[in-house]
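Enquirer: need a structure here:
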Amino acid sequence: MSDERLIPLDSPLQDAWLKGTCYGCGPNNPQGLQLKSYWSEIEDAAICTFQGKPYHNAGFENVMYGGLVASLCDCHSIWAAIAATYRQEGRVHGSLPAISYVTGNLNVSFLHPTPLNHPIILKAKVEEIKERKASIYTVVLSDDRITAEAKVVAVRVLSDKSIGAAMGG
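Expert: Numbering: from 1, shown residues only. So this is what the prediction gives:
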């Protein structure tokens, strides 16, 4: 029997969870950020490009709100952990049972203002996967400048987050 959630290798990692409702990365959250992460075999990391909107402003001209920067790092890091775990287990991304992680710890350092007027790139490298925890290091790049970096501890859970939540009134 085929698994409908299997996605082509060049598709966003989040496409494995089409019913996902996460504000940052859920494909099934029309009010969300719709973050799209891709696995790079060359860099052995998850890569994402994101273009902020004028309303993502931090109150200073052309500066992205820090809470948004943290949210982007959070979601992107979790998807890096999911993708790396599928690879470590020799499984196809999106295959059942779904691999799910939640954020155990998120530590973001803001190094420079993150501009809004052009796309930023997030790169998440999984440093270690041990038992139920993954350690991820993520950077936010504007041109070639690191504007923020995050260290994330992701905790693997047995619940299947891929089913999302009911989108009711």
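Enquirer: what ranges do the helices span in the protein?
Expert: Assigned by DSSP state H, the helices in the chain fall at 66-88.
Enquirer: Strands of that one, start to end?
Expert: Using DSSP state E, the strands found in the chain span residues 37-40, 45-50, 100-110, 120-130, 133-142, 145-157.
Enquirer: Quick check: buried residues in the first one?
Expert: When neighbours are counted by 16 or more other C-beta atoms under 10 Å, the buried residues of strand 37-40 are found to be Ser37, Tyr38, Trp39. No exception for glycine: its C-beta is placed from N, CA and C like everyone else's.
Enquirer: Redo these as a markdown table? Include distance to Glu149 and pLDDT.
Expert: Formatted as a markdown table, these follow (distance: C-beta to C-beta, whole Å; pLDDT from 0 to 100):
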| residue | distance to Glu149 | pLDDT |
| --- | --- | --- |
| Ser37 | 17 | 97 |
| Tyr38 | 20 | 96 |
| Trp39 | 20 | 95 |
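Enquirer: could those go into TSV alongside distance to Val102?
Expert: Putting the buried residues of strand 37-40 into TSV (distance: C-beta to C-beta, whole Å) gives the following:
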residue	distance to Val102
Ser37	16
Tyr38	22
Trp39	20
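Enquirer: between these, which is closest to Val155?
Expert: Ser37 (18.8 Å; C-beta to C-beta).
Enquirer: correct me, but the closest one touches Ile78?
Expert: No. Counting by C-beta atoms under 8 Å, Ser37 stays clear of Ile78, with 9.2 Å between them.
Enquirer: can you tell me which of the strands of the chain comes nearest to Trp17?
Expert: Short answer: strand 100-110, nearest of the strands of the chain by C-beta to C-beta, at 9.1 Å.
Enquirer: between the closest one and strand 145-157, how big is the angle?
Expert: Orientation of strand 100-110 against strand 145-157 (axes from the mean of the first three to the mean of the last three C-alpha atoms, to 10 degrees) gives an angle of 150 degrees.
Enquirer: relative orientation of strand 100-110 and strand 133-142 in degrees?
Expert: Using the same axes, to 10 degrees: strand 100-110 against strand 133-142 is 40 degrees.
Enquirer: Now tell me what touches strand 100-110 from outside.
Expert: The contact list for strand 100-110, computed with C-beta atoms under 8 Å, 6 or more residues apart in numbering, reads 66, 69-70, 73-74, 77-78, 81-82, 85, 133-134, 147-162.
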